[in-house]
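Enquirer: With the input below, show me the fold.
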Amino acid sequence: MESKNEDYQRIRMGKIQKKIDTALIDADNLLRELLPTSIMMNTYRMIAVLLFYMVLILSGFYFMPSIAVLIFFLFLFTQVFGYFQKYSKIERIRHLLKKH
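Expert: Residues are numbered from 1 along each chain as shown. Coordinates of the predicted model:
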């Protein structure tokens, strides 16, 4: 009786594993298709952010140069923080992948 139940569980686990493998392959294919679009969107977003800060800095020079310098340091801080956040996220993902 138990061997029959164990065989059923093995067959069921095999079917579930095949479904999971198929879903992972499909997700990987979709990510590959979306990668160029994601890169392009990230590039355009970065260009827009740079232009926005340039406008802020130039308009800051109109009022007071110290405001422009403050905005420039704010820009540098946000860029450094963004790179640190991105690096820490990648390291966290690598740690989770090594764990499993």
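Enquirer: So for the biggest helix by length in the chain, mean pLDDT?
Expert: What stands out as the longest helix in the chain, according to DSSP state H, is helix 2-63. Helix 2-63 shows a mean pLDDT of 89.
Enquirer: Now the element after that helix, going C-ward?
Expert: helix 65-99 (DSSP states H and E).
Enquirer: could you give the angle of that following helix to helix 2-63?
Expert: If you take axes from the mean of the first three to the mean of the last three CA atoms, to 10 degrees, helix 65-99 sits at 170 degrees to helix 2-63.
Enquirer: helices or strands next to the longest helix of the chain in the packing?
Expert: helix 65-99 (3 or more CB pairs under 8 Å, 6 or more residues apart in numbering; DSSP states H and E). C-beta: built from backbone N, CA, C; applies to glycine.
Enquirer: gap between the longest helix of the chain and the chain center?
Expert: How far helix 2-63 lies from its chain's middle: 7 Å, per CA atoms, centre = their mean, to the nearest Å.
Enquirer: Start at 24, not 1
Expert: That works, and once the first residue is 24, the last one we named lands at helix 25-86.
Enquirer: any idea how far residue 71 is from residue 50?
Expert: 29 Å (CB to CB, to the nearest Å).
Enquirer: just residue 82 next, same as before
Expert: From residue 82 to residue 50 the distance is 45 Å (CB to CB).
Enquirer: repeat for residue 119
Expert: For residue 119 relative to residue 50 (CB to CB), the value is 17 Å.
Enquirer: repeat for residue 104
Expert: Taken as CB to CB, the span from residue 104 to residue 50 is 30 Å.
Enquirer: With residue 113 instead?
Expert: Distance from residue 113 to residue 50, by CB to CB: 19 Å.
Enquirer: cool, residue 38 as well?
Expert: Taking CB to CB, one finds residue 38 at 19 Å from residue 50.
Enquirer: And residue 33, by the same measure?
Expert: In terms of CB to CB, residue 33 sits 26 Å off from residue 50.
Enquirer: what's the answer for residue 77, then?
Expert: In terms of CB to CB, residue 77 sits 39 Å off from residue 50.
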